[in-house]
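> Take this sequence and fold it.
(chains A and B)
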Protein chains: 2
Amino acid sequence: MSIPVFYEPNPLSNSYLNEEESIHAHRVLRLKADDPIFILNGKGQKYQARIEVSHSKKTSFKQLIEIENSSSPAYSVHLWIAPTKQMERMEWMVEKCAELGIQSIGFFHSRYSERKELKTHRLEKIAISALKQSKNLFITQIQPILPFKQLIQELDKNTKDQKLFAYISNPPSEGLAKCIQLNQSYHILIGPEGDFSVEESSGLLAKKWIPFSLGKTILRTETAGLVATHSIHFLHEV
Amino acid sequence: MSIPVFYEPNPLSNSYLNEEESIHAHRVLRLKADDPIFILNGKGQKYQARIEVSHSKKTSFKQLIEIENSSSPAYSVHLWIAPTKQMERMEWMVEKCAELGIQSIGFFHSRYSERKELKTHRLEKIAISALKQSKNLFITQIQPILPFKQLIQELDKNTKDQKLFAYISNPPSEGLAKCIQLNQSYHILIGPEGDFSVEESSGLLAKKWIPFSLGKTILRTETAGLVATHSIHFLHEV
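Numbers count the residues shown, from 1 in each chain, chains lettered A, B, ... in the order given. Take a look at the predicted model:
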């Protein structure tokens, strides 16, 4: 049997698995004292340890040793997206973007949004599960939903990062390959199924957000989020 | 109300919508005689027409006029993938690859496959639905499942196309950007969750299939299929 992997953000200061991870260790995998485990902190480190006491609410571990230490990548991708009506579309997008190693996914609601509320707990669980299976050492942060204006105000405080938004226009905007400089932090904005309002997109243009196109075909919101994320990863590997 | 879009592969020789499309026209949209419709043949043409007789099994149309005619793209992508145990993972991959305008998706089962059988009808419906909403004029062909050996024999008859397979090796293979020549027909092979057997992958290497890597993180089968498809599209738009 391969050694099971758990997620604990602070294993150096906290030698217990949280309740969800404990249930998995104790009830599902039926781990016992001295069984070996791996622990990811989602911040670049991987540890080896052994179970101390296996318990369905609070499983403790011992003999923690760091076995991998990965430095942060030279670039980071932050996706900000208007959630789709069907939550499962957002769920799979989070899974796929996390597999690709995206740094964070946040949400906003704007004029034509179909969904103004969103619970992040399930999405956080999906991000943890993708972390464990993708061999990526950095967890995807899930950010709560904000109103469009407030999000843009927050992001505009940061003048160093590259800020881009998917824009359907005629003639079309340039593709991401021609829009970005390499090795930056990118903030990528994807509008709702009903698109940004004219006021919202002219506001972004006025604030020097860079419009980009994702190609000739019309992509669903969640496909656009994944394809934009992959485009930036791909440009750094070419 | 926007004009509804239907799929009929041969509207010039057949002035009826098929049963599924007829049900949609008659029962869901409640179209009546003389209502305008669009028809896609999935082969590059878009037509305008009017309902003649609305009927839940056989809705007929009249006054067919070609309004768009798109020539085939300079390159084509054919994805061959070992289906995942959970069919819904294949379903969303088909939807996303069809949105991107992939030419065909076919299936195979190999030594470590979790699934040896696959019904294509639902996947064909997803491809039709993606055709209608993506504004792509070419339908994604869905091919039935074949044993690995038989598929490779078939594909090897064609000596002109580029044949590539996703290969997890140490040291890793090159990424797609370094593996492909532009404006070709590409056959992309993605193995099962349990990967190709050593015999299968050495067979492919011996037959001059080109191994490629999809990056540092481990992707699920369906993510690998979508990411490989998007990589090739992206390389043609850079």
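
> where along chain A do the strands fall?
Per DSSP state E, chain A has strands spanning A:5-7, A:36-40, A:45-53, A:60-69, A:76-81, A:104-109, A:141-147, A:162-166, A:185-190, A:210-212. These are given in chain order.

> Now do the same contact list for A:Asn14.
A:Glu8 (CB atoms under 8 Å, 6 or more residues apart in numbering or on different chains). For every residue, glycine as well, the C-beta is placed using N, CA and C.

> neighbours of the nearest residue to A:Leu164 once chain neighbours are set aside, just the number please.
Counting by CB to CB, 6 or more residues apart in numbering or on different chains, A:Leu164 lies nearest to A:Ile210, which is 4.6 Å off, once chain neighbours are set aside. By the measure other CB atoms under 10 Å in any protein chain shown, the count of residues near A:Ile210 is 17.

> Does the top helix by length along chain A reach chain B?
If you go by DSSP state H, chain A has its longest helix at helix A:221-237. Yes. Where contact is defined by CB under 8 Å from any CB of the partner chain, part of helix A:221-237 touches chain B, namely A:Thr223, A:Leu226, A:Val227, A:His230, A:Ser231, A:His233, A:Phe234, A:Glu237.

> Taking these together, which two end up most distant?
A:Thr223 and A:Glu237 (20.6 Å; CB to CB).

> Can I get the longest helix of chain A in PDB? Just the C-alpha atoms.
Extracted as PDB, the C-alpha positions of helix A:221-237 are listed here (Å, rounded to 0.1, in the frame of the first residue of the first chain):
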ATOM      1  CA  THR A 221     -17.500  30.600 -18.000                       C
ATOM      2  CA  GLU A 222     -15.800  27.700 -16.300                       C
ATOM      3  CA  THR A 223     -14.000  26.600 -19.500                       C
ATOM      4  CA  ALA A 224     -12.700  30.200 -19.900                       C
ATOM      5  CA  GLY A 225     -11.300  30.200 -16.300                       C
ATOM      6  CA  LEU A 226      -9.500  26.900 -16.900                       C
ATOM      7  CA  VAL A 227      -8.200  27.800 -20.400                       C
ATOM      8  CA  ALA A 228      -6.900  31.200 -19.200                       C
ATOM      9  CA  THR A 229      -5.100  29.500 -16.300                       C
ATOM     10  CA  HIS A 230      -3.600  26.800 -18.500                       C
ATOM     11  CA  SER A 231      -2.500  29.400 -21.100                       C
ATOM     12  CA  ILE A 232      -0.400  31.200 -18.600                       C
ATOM     13  CA  HIS A 233       1.200  28.000 -17.300                       C
ATOM     14  CA  PHE A 234       1.800  26.900 -20.800                       C
ATOM     15  CA  LEU A 235       3.500  30.200 -21.800                       C
ATOM     16  CA  HIS A 236       6.000  29.700 -18.900                       C
ATOM     17  CA  GLU A 237       6.900  26.200 -20.100                       C
END
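
> List the buried residues of it.
Neighbour-count burial for helix A:221-237 flags A:221-235 (criterion: 16 or more other CB atoms under 10 Å in any protein chain shown).

> and what of stretch A:78-87?
Counting neighbours by 16+ other CB under 10 Å, one finds that the buried residues in stretch A:78-87 are A:His78, A:Leu79, A:Trp80, A:Ile81, A:Ala82, A:Pro83, A:Thr84.

> quick one: the residue lying closest to the fifth one once chain neighbours are set aside from chain B, how far?
Yep, that's A:Ala82 we're talking about. Counting by CB to CB, 6+ apart, A:Ala82 lies nearest to A:Pro192, which is 3.6 Å off, once chain neighbours are set aside. Here A:Pro192 is placed at a distance of 15 Å from chain B (CB to the nearest CB, to the nearest Å).

> From the buried residues of helix A:221-237, pick the one nearest B:Asp161.
When the buried residues of helix A:221-237 are compared for distance to B:Asp161, the smallest value, 22.4 Å, is given by A:Phe234; criterion: CB to CB.

> Residues of chain A that sit close to chain B?
When proximity is defined as CB under 8 Å from any CB, chain A approaches chain B at A:92, A:96, A:99-101, A:133-136, A:175, A:177, A:215-220, A:223, A:226-227, A:230-231, A:233-234, A:237-238.

> about what we covered before: now do the residue nearest to A:Leu164 against chain B, distance only.
Look at A:Ile210 and chain B: by CB to the nearest CB, they are 17 Å apart.

> ditto for A:Gln143
The separation that A:Gln143 has from chain B, given CB to the nearest CB, amounts to 21 Å.

> Surely that residue is in contact with A:Ile105?
Yes. Under the criterion of CB atoms under 8 Å, A:Gln143 makes contact with A:Ile105 at 6.9 Å.

> Looking at those two, which one has more neighbours?
Set side by side, A:Gln143 and A:Ile105 show unequal neighbour counts under other CB under 10 Å, the larger going to A:Ile105 at 25 against 16.

> which residues touch the residue nearest to A:Leu182 when sequence neighbours are not counted?
Using CB to CB, 6+ apart and skipping the chain neighbours, the partner closest in space to A:Leu182 is A:His236 (6.3 Å). Residues near A:His236 by CB under 8 Å, 6+ apart: A:Ala74, A:Tyr75, A:Leu182, A:Asn183.

> Please pick the buried ones from those residues.
Buried, going by 16+ other CB under 10 Å: A:Tyr75, out of these.

> on that earlier part again, put together a markdown table for the strands of chain A, with mean pLDDT on each row.
Formatted as a markdown table, the entries for the strands of chain A read as follows, by pLDDT from 0 to 100:
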| stretch | mean pLDDT |
| --- | --- |
| strand A:5-7 | 97 |
| strand A:36-40 | 97 |
| strand A:45-53 | 97 |
| strand A:60-69 | 97 |
| strand A:76-81 | 98 |
| strand A:104-109 | 98 |
| strand A:141-147 | 98 |
| strand A:162-166 | 98 |
| strand A:185-190 | 98 |
| strand A:210-212 | 97 |
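
> Make a markdown table from these and add distance to B:Tyr112 to it.
Compiled in a markdown table, those are given as follows (distance: least, CB to CB, whole Å):
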| stretch | distance to B:Tyr112 |
| --- | --- |
| strand A:5-7 | 22 |
| strand A:36-40 | 24 |
| strand A:45-53 | 26 |
| strand A:60-69 | 27 |
| strand A:76-81 | 32 |
| strand A:104-109 | 32 |
| strand A:141-147 | 33 |
| strand A:162-166 | 38 |
| strand A:185-190 | 36 |
| strand A:210-212 | 40 |
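
> per the record, what domains does chain A have?
The domain map for chain A lists A:5-69, A:76-237, with the assignment taken from automatic domain parsing.

> From chain B, how far off is A:Asn170?
On the measure of CB to the nearest CB, A:Asn170 and chain B end up 13 Å apart.

> From A:Ala224, how far out is that residue?
According to CB to CB, to the nearest Å, A:Asn170 stands 18 Å off from A:Ala224.
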